[in-house]
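> Return a 3D structure for these sequence lines:
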Amino acid sequence: MTLWLCITTEENWKVIKEKNIWGVAERHRNTIARVKPGDKCLIYVMSHRKDKEIVPPSVVAAYEVDSEMFRNASRIFNSPPDRKETYPLRIKLSPIKIFLKPIDFKSLIPELSFIKNKRRWTGHIQGKAMREIPEEDFQLIMGRAE
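Purely as a prediction, here's the structure:
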C-alpha cells in the first residue's frame with residue numbers, strides 16, 4: 001500500500017467529495033499510473049482567496065483508492081482558464097474520513113519528514129498533482145483529524 005498527498009483546489013475538492021473521484025492532467029500520467037486499489041490518499045487543498053481573506057493550505061480528508069487508473073475526459077473538474085484541462089486520468093475513491101475541521105498544513109511542516117527544506121516547503125508540493133508520502137507523515141496527519 002502506498003500513501004499519497006493529492007493536491008487540489010477548493011473547487012475541485014467539492015467535486016472529489018461529491019463524486020468520490022480523483023483526476024489529474026496528462027502530464028502526471030507516470031505518477032497516477034503507480035496508484036493501486038488499496039492505496040490511501042490525503043486531500044490537500046491549496047491556499048485560496050475566499051471573499052477578502054486568504055485561506056491557508058489544509059488537509060481536508062482521507063480516502064482509499066478503489067480502482068486502477070482509467071481515462072474519462074468528461075468535464076467535471078475546474079481548471080485554470082489558460083489550460084482548459086479535464087484531468088482525464090482518474091481513479092475512484094472511497095472516503096475513510098472527511099475531517100470536521102480542515103487541518104492547517106503549515107502547522108504540520110516542522111514534523112513532516114517528506115518536507116526536507118522547512119523554509120521552502122512549497123517546492124515539495126508546487127507543480128505536482130500528487131506525491132507519495134511516508135507512513136509516519138500519513139499517521140501524523142490522521143492523528144490531527146477531528
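
> Now do the strands in the protein.
3-8, 21-24, 40-45, 48-50, 53-55, 58-65, 70-71, 89-104, 130-133 (DSSP state E).

> Output the lowest mean pLDDT helix or strand found in this protein.
strand 48-50 (a mean of 82; mean pLDDT, DSSP states H and E).

> which stretch in the strands of the chain is the model least sure about?
In terms of average pLDDT, strand 48-50 trails the rest of those, at a mean of 82.

> who's in contact with V15?
I21, I76, F77, N78 (CB atoms under 8 Å, 6 or more residues apart in numbering). For every residue, glycine as well, the C-beta is placed using N, CA and C.

> repeat that with 10 Å
T8, T9, I21, W22, G23, I76, F77, N78, Y87 (CB atoms under 10 Å, 6 or more residues apart in numbering).

> And for the first one, the neighbour number?
In other words, T8. By the measure other CB atoms under 10 Å, the count of residues near T8 is 23.

> got it, and the fifth one?
The local packing count at G23 equals 28, with neighbours defined by other CB under 10 Å.

> excluding its backbone neighbours, what's nearest it?
Ranked by CB to CB, 6 or more residues apart in numbering and with sequence neighbours excluded, the top spatial neighbour of G23 is Y87, at 3.3 Å.

> A129 is in contact with that neighbour, correct?
Yes. Here Y87 lies in contact with A129, judged by CB atoms under 10 Å, at a distance of 8.1 Å.

> what residues are shared contacts of those two?
Looking at what touches both Y87 and A129 (by CB under 10 Å, 6+ apart), the common residues are T8, W22, G23, V24, A25, H28, I32.

> P134 and L5, how far apart?
With distances taken as CB to CB, to the nearest Å, P134 is found 11 Å from L5.

> quick one, which of the two is more surrounded?
Neighbour count, other CB under 10 Å: between P134 and L5, L5 has more, with 22 against 12.

> picking up where we left off before, determine which two of the contacts of V15 are furthest apart.
Using CB to CB, the pair of those lying farthest apart is T9 and I21, separated by 14.9 Å.

> Tell me which of the two has more neighbours.
Neighbour tally, T9 and I21, criterion other CB under 10 Å: the higher count belongs to I21, 19 against 16.

> list the contacts for the more buried one?
With contact set as CB under 10 Å, 6+ apart, I21 has these partners: 15, 63, 66-67, 70, 72, 76-77, 87, 90-93.
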